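Participant: Give me a 3D structure for the following:
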Amino acid sequence: MSESENIKIIKTFLANAPPGEYEQCTAALRSIVNDEDLINRARSETLKTWAEEECIVVDVEDHKVIICKEACQRDGIYVDPVTSSLITYDFESRIATPIGDQANMSDFAKELQEELTAYAKNAYKENAAAGVYDTNNGIVIVLRGSSISLKNFRTGKTVAKYTLSKSGSLEGKIVSIQHFFEKGNAVCQHDGDCNTTCSFGDAKSVVKAIRTFEDEWLADYKTTLEKIGTNVLFQLRRKFPYSKQKINWQQEITVGGGMKC
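Facilitator: Below is the predicted model of the structure:
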């Protein structure tokens, strides 16, 4: 296999690392790939993209900031919407540093940021953060929370992204991904699409619309998980051992949203 083919495979592996497991995937590669330069090249070409796609949450002084493509101003510079300022982030050292410059944020974005920061802490709980970013057509919102416990063989995240137009339409998606890997390897993903309206310029109206949508999504999620606990083992016992029949989990356990196992 050529070097270009090898690095393509390595990059694909790293780019698809589960939440909080990029370094673990790198370590796994080092145990089977006897070429440190190749791995380092793959890291240099995937780490930033992976982190932005994951919407990782980092500490900046006394608060949390989301590193995502929506926050990226120019290479290495990100908006800290909590303080309306700009920061740099070193992906290898995982250190965020304020640079002293102010970000251009509308008064509405600042007000909405404050409201959503409080909402995220309450709704997303662990390692939670919110980001509000002005665009030419309105506002982009990113919400993120995660629970990473490598010693207990589980990682997971919930990320929501919404686009708020000046006409008041609120559209977006929330995705929860959970990875369990004790004596096995299981990934569970639950999605939900948002399409509603609220009052642009009214921060409380926007938060209310998001809360209503996410509460309904979470209720569906809980119902789905209950179905997994009561029905899934039965489906495995009934179908798989005897007929080797492929089980359509989307059909068997989905309630109100997209569950993939």
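
Participant: And the helices in the stretch 51-200 of the chain?
Facilitator: Taking DSSP state H, counting those that start in this stretch to define them, one finds helices in the stretch 51-200 of the chain at 107-123.

Participant: any idea how far Ala27 is from the residue nearest to Glu3 when sequence neighbours are not counted?
Facilitator: With sequence-adjacent residues excluded and distances taken as Cβ to Cβ, 6 or more residues apart in numbering, Glu3 is closest to Leu38, at 7.1 Å. C-beta: built from backbone N, CA, C; applies to glycine. Relative to Ala27, Leu38 is positioned 15 Å away (Cβ to Cβ, to the nearest Å).

Participant: try Pro19
Facilitator: Pro19 sits 16 Å away from Ala27, going by Cβ to Cβ.

Participant: Phe181 now?
Facilitator: Using Cβ to Cβ, one gets 14 Å for the distance from Phe181 to Ala27.

Participant: More neighbours: which of those two?
Facilitator: Set side by side, Phe181 and Ala27 show more neighbours around Phe181, with 15 against 11, by other Cβ atoms under 10 Å.

Participant: and the gap between Thr158 and Arg74?
Facilitator: 29 Å.

Participant: Give me the residue at the spatial middle of the protein.
Facilitator: Centroid-nearest residue in the chain, with Cα atoms, centre = their mean: Val159, separated by 3.7 Å.

Participant: For it, give me its contacts.
Facilitator: For Val159, the contact set (Cβ atoms under 8 Å, 6 or more residues apart in numbering) comprises 54-55, 142-144, 174-175.

Participant: Recalculate using a threshold of 6 Å.
Facilitator: Val159 makes contact with 55, 144, 175 under the criterion Cβ atoms under 6 Å, 6 or more residues apart in numbering.

Participant: For the second one, the count of nearby residues, please.
Facilitator: Other residues near Arg144 number 25, with proximity taken as other Cβ under 10 Å.

Participant: Now do it, the pLDDT please.
Facilitator: Arg144 is assigned a pLDDT of 98 by the prediction.

Participant: Would you agree it is in contact with Glu53?
Facilitator: No - counting by Cβ atoms under 6 Å, Glu53 is not a contact partner of Arg144; they are 11.6 Å apart.

Participant: Give me the secondary structure label for the closest residue to Cys198 other than its chain neighbours.
Facilitator: Spatial nearest neighbour of Cys198, chain neighbours left out: Ala209 (4.0 Å); criterion: Cβ to Cβ, 6+ apart. Secondary structure state of Ala209, per DSSP: H, G, I helix; E, B strand; the rest coil, is helix.
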